[in-house]
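Peer 1: Sequence and predicted structure, then a few things I'm wondering about:
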Amino acid sequence: MIPDLAALHARGAAQQPSYPDPAAVDRAVARLRTAPPLVFAGECDDLTEKIAAVTRGEAFLLQGGDCAETFAGVTADNVRNKLRVLLQMAVVLTYAASVPVVKVGRLAGQYAKPRSSDDETRDGVTLPAYRGDAVNGFEFTPETRTPDPQRLVDVYHSSAATLNLVRAFVTGGYADLRQVHTWNTDFVRSSPIGQRYEQLAGEIERALTFMEAIGADPDEFHRVDFHSSHEALVLEYEHALTRIDSRTGSPYDVSGHFVWIGERTRQLDGAHVELLRHIKNPIGVKLGPTTTPDDALALASRLNPENTPGRLTFITRFGAGRIRDGLPELVEKVTAAGVQVAWVCDPMHGNTFEASSGYKTRRFDDVIEEVQGFFDVHHALGTWPGGIHVELTGDDVTECVGGGEELAEIDLGNRYESVCDPRLNRVQSLELAFLVAAMLRRA
Ligand SMILES: O=C[C@H](O)[C@H](O)COP(=O)(O)O
Ligand SMILES: C=C(OP(=O)(O)O)C(=O)O
Ligand SMILES: [Mn+2]
């Protein structure tokens, strides 16, 4: 039922590490095959149901987190900060637009990166490109850049630690809606957008007090649903964590609730489509500007032959300059064919450029313009703009330019911490949430 690993590799899988020691790969895979699941099949089914509501136009998906998580980043502060900004964004979207928000983190598994180039040259020295902590280390030395399969086992443990903390936060009181004010801390609170949030939090508090006064159960506000997601990239890892669910006899990839196929690995006959078509999790596919309507239709019929709502999400990432021209035909033809899909906008990956200082960056205005284009196209076609997929962090980093703080290219070096793509910082993320909430109200 599940294709074997060798058969997947025989398809010429794209973007895979070249491991120097096959025996070490076998040992890591064997270890992973015996490891307990990180998520349960029933939780994946719950998320499918929630994304089905997105597909029907009854909910909005907020998916966000680092471009690349790192092992060193698995600290209580870092995980809490990411969760906090996502909770703040979700509250803004839910309250300001009166739409249920499905919350999915790009976390607890987002450790493997596809790259444009196999190697990197610095000062005349060429080494393998950094492919995420799942594969090799960021440090520019031959030892660190050599792919090491033991890192896949480290991904498992880092994901388990992250997910454990996230589960504790979202069920243990931290995410209680009555805490809306306390999420607005430190540098954000004093920013104009933090002040705006403060006002909204005040309104929410009054509404909650009112509901309690009329007899609503305060436990209803105590916990939130939160799900994990990552790009299913390294076949050894995703295959080893694909298990048969004892309740249903169906295979699930238990490395995360939601997994997606990247723009560089979505070949119809490729290994990633082949593996993911066999699992029952809700899944996504990134669609870049070269995607034809026929490509999208073929992917939908291969990945979701029963056309189950919630199973498939198309995450478009066209770029601000191309979305208004490119997206309409895709949405029109997919819709006309009766395909059940949630449409989600990734306004990051089509908008990356290199600043003169050499830093990879993105303009906040391009991010907003792509989301606005996405909303406008869906509005014109009468389809539902189902969500956003963003690279962000809960910290005060300087990786994307623009936004209310008017970060300039000259500021990028102040606090550039991403090991791959530039992320929105916490203030920029909150600004995005308010702007998207306004777009949603109009939608
Ligand atoms: O996160 C996405 C990709 O891994 C990333 O954009 C690739 O970046 P590169 O073009 O620097 O390889
Ligand atoms: C690699 C990524 O995106 P894409 O596949 O869309 O380039 C990503 O989401 O980090
Ligand atoms: Mn990225």
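Peer 2: Alright, I've got the coordinates. Ligands and ions are numbered 1, 2, ... in the order given.
Peer 1: Which single residue in this protein comes nearest to ligand 2?
Peer 2: Using C-beta to the nearest ligand atom, the closest approach of the chain to ligand 2 is made by Gly262 at 3.0 Å. C-betas here are computed from N, CA, C, even on glycine.
Peer 1: In three-state terms, label the nearest residue to Leu200 once chain neighbours are set aside for me.
Peer 2: Distances taken as C-beta to C-beta, 6 or more residues apart in numbering place Tyr95 nearest to Leu200, at 6.1 Å, with adjacent residues excluded. When classified by DSSP: H, G, I helix; E, B strand; the rest coil, Tyr95 comes out as helix.
Peer 1: Go ahead and confirm Tyr95 touches Ala201.
Peer 2: No - if you go by C-beta atoms under 8 Å, Tyr95 and Ala201 don't touch, sitting 9.0 Å apart.
Peer 1: Out of those two, name the residue with the larger neighbour count.
Peer 2: Neighbours were counted for Tyr95 and for Ala201 using other C-beta atoms under 10 Å; Ala201 has more, 21 against 18.
Peer 1: what residues are up against that one?
Peer 2: Val91, Val180, His181, Asn184 (C-beta atoms under 8 Å, 6 or more residues apart in numbering).
Peer 1: Secondary structure element holding it?
Peer 2: Assigned by DSSP states H and E, Ala201 belongs to helix 192-213.
Peer 1: Enumerate the positions of that helix that are buried.
Peer 2: Applying a neighbour-count criterion of 16 or more other C-beta atoms under 10 Å, the buried positions in helix 192-213 are Ile193, Gly194, Tyr197, Leu200, Ala201, Ile204, Leu208.
Peer 1: Distance to Ala320 and pLDDT added to these, as CSV?
Peer 2: Listed next are the buried residues of helix 192-213 as CSV, based on distance: C-beta to C-beta, whole Å; pLDDT from 0 to 100:
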residue, distance to Ala320, pLDDT
Ile193, 21, 92
Gly194, 26, 91
Tyr197, 26, 92
Leu200, 27, 92
Ala201, 31, 92
Ile204, 32, 92
Leu208, 38, 92
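Peer 1: ok, so of those, who is nearest ligand 1?
Peer 2: Ile193 (26.0 Å).
Peer 1: For the closest one, give me its contacts.
Peer 2: Gly404, Val427, Leu430, Glu431, Phe434.
Peer 1: Just the pLDDT for the residue nearest to Leu200.
Peer 2: At Tyr95, the pLDDT value in this model is 89.
Peer 1: before we move on, what about Arg223?
Peer 2: Confidence score, pLDDT, at Arg223: 87.
Peer 1: And for Arg243?
Peer 2: For Arg243, the model assigns a pLDDT of 98.
Peer 1: and what of the one 10 residues further on?
Peer 2: In the predicted model, Asp253 carries a pLDDT score of 98.
Peer 1: Based on its surroundings, how many neighbours for it?
Peer 2: Neighbour tally, Asp253, other C-beta under 10 Å: 30.
Peer 1: mind checking how far it is from Gly326?
Peer 2: In this view, Asp253 and Gly326 are 30 Å apart by C-beta to C-beta, to the nearest Å.
Peer 1: cool, Gln88 as well?
Peer 2: If you measure Gln88 against Gly326 using C-beta to C-beta, the figure is 32 Å.
Peer 1: Check Arg441 too.
Peer 2: For Arg441, the distance to Gly326 - C-beta to C-beta - is 26 Å.
Peer 1: So between those two, which is more surrounded?
Peer 2: Neighbours were counted for Arg441 and for Gly326 using other C-beta under 10 Å; Gly326 has more, 20 against 11.
Peer 1: ok, Val334 - contacts?
Peer 2: Residues counted as contacts of Val334 (C-beta under 8 Å, 6+ apart) are Pro293, Ala296, Leu297, Ala300, Phe314, Val341.
Peer 1: of those, buried ones?
Peer 2: Buried, going by 16+ other C-beta under 10 Å: Ala296, Leu297, Ala300, Phe314, Val341, out of the contacts of Val334.
Peer 1: Reformat the residues you listed into TSV and put distance to Glu58, pLDDT and secondary structure next to each item.
Peer 2: Formatted as TSV, those follow (distance: C-beta to C-beta, whole Å; pLDDT from 0 to 100; DSSP: H, G, I helix; E, B strand; the rest coil):
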residue	distance to Glu58	pLDDT	secondary structure
Ala296	23	98	helix
Leu297	24	98	helix
Ala300	21	98	helix
Phe314	18	99	strand
Val341	15	98	coil
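Peer 1: And what about Ala7, helix, strand or coil?
Peer 2: Assigned by three-state DSSP, the conformation of Ala7 is helix.
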